[in-house]
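Asker: Need the 3D shape of this:
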Amino acid sequence: MCARYVLAVEPDVVETYVRPGQVLLVFRPVLNHGEQSLRTSEAAFCAAEQDQFWAMHDTLFARQSTVSATPVGDLPALLEAYAIELGMDVEAFRTCIASGEALALVQELDAEQRQRGITVQPIFEINEQRLIGLPSFDVFQRVIEETLSQSP
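Answerer: Numbers count the residues shown, from 1 in each chain. Okay, here's the model as predicted:
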């Protein structure tokens with residue numbers, strides 16, 4: 001369901017609201033798909049160190065079936081291949097992974113989400129309103145427009 005959002009709805013949200021500066025899109029991981037969730041989130045946060053978070057995010061969701069089918073031991077090589085494909089400095093990417101800092105951050109963010117009662121995905125928060133599941137762009141648009149109209 002997350003991949004469907006990323007591929008079908010998120011581009012419209014980004015183009016309509018994020019690029020014009022009306023909405024800030026924030027990603028927070030919920031690690032409930034085992035080692036794949038942990039490692040892919042870590043890779044995305046390491047990509048962020050090279051301003052490539054969203055490019056890695058989009059790549060991972062577009063290739064979710066490949067990532068899910070990849071044995072855990074082969075994930076580092078697959079994620080490095082994605083980093084190379086995105087034009088990242090692969091040595092810096094490896095250093096980030098080896099440091100464990102991104103991993104610790106991902107685990108901390110997951111714990112925060114769970115403390116807030118968020119244990120499944122996708123869940124979207126627009127101010128205090130939560131949208132659960134796979135809302136259409138029209139639903140996002142309605143909620144965002146209502147929120148923007150109430151802003152000072």
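Asker: Count the residues that sit near residue 89.
Answerer: 14 (other C-beta atoms under 10 Å). (C-beta placed from N, C-alpha, C; glycine too.)
Asker: Phi first, then psi, for residue 129.
Answerer: phi -90, psi 130 (degrees, to the nearest 10).
Asker: and what of residue 132?
Answerer: Torsion angles, degrees, to the nearest 10, at residue 132: phi -110, psi 140.
Asker: Would you check how far apart it and residue 116 are?
Answerer: Note on residue 132: its distance to residue 116, by C-beta to C-beta, to the nearest Å, is 13 Å.
Asker: same deal with residue 34?
Answerer: In terms of C-beta to C-beta, residue 34 sits 22 Å off from residue 116.
Asker: Count the residues that sit near residue 41.
Answerer: Close neighbours of residue 41, defined as other C-beta under 10 Å, add up to 25.
Asker: element containing it?
Answerer: Secondary structure from DSSP states H and E places residue 41 in helix 34-48.
Asker: which element follows that helix toward the C-terminus?
Answerer: helix 53-62.
Asker: Check which helices and strands that next one is in contact with.
Answerer: Judged by 3 or more C-beta pairs under 8 Å, 6 or more residues apart in numbering; DSSP states H and E, the packing partners of helix 53-62 are helix 2-4, helix 34-48, helix 75-85.
Asker: can you rerun that using 7 Å?
Answerer: helix 34-48 (3 or more C-beta pairs under 7 Å, 6 or more residues apart in numbering; DSSP states H and E).
Asker: contact partners of the helix it packs on?
Answerer: 29, 31, 53, 55-57, 60, 67-68, 72, 75, 79, 83, 88, 93, 96-97, 102-103, 105-106 (C-beta atoms under 7 Å, 6 or more residues apart in numbering).
Asker: That's all I had, so thanks and see you.
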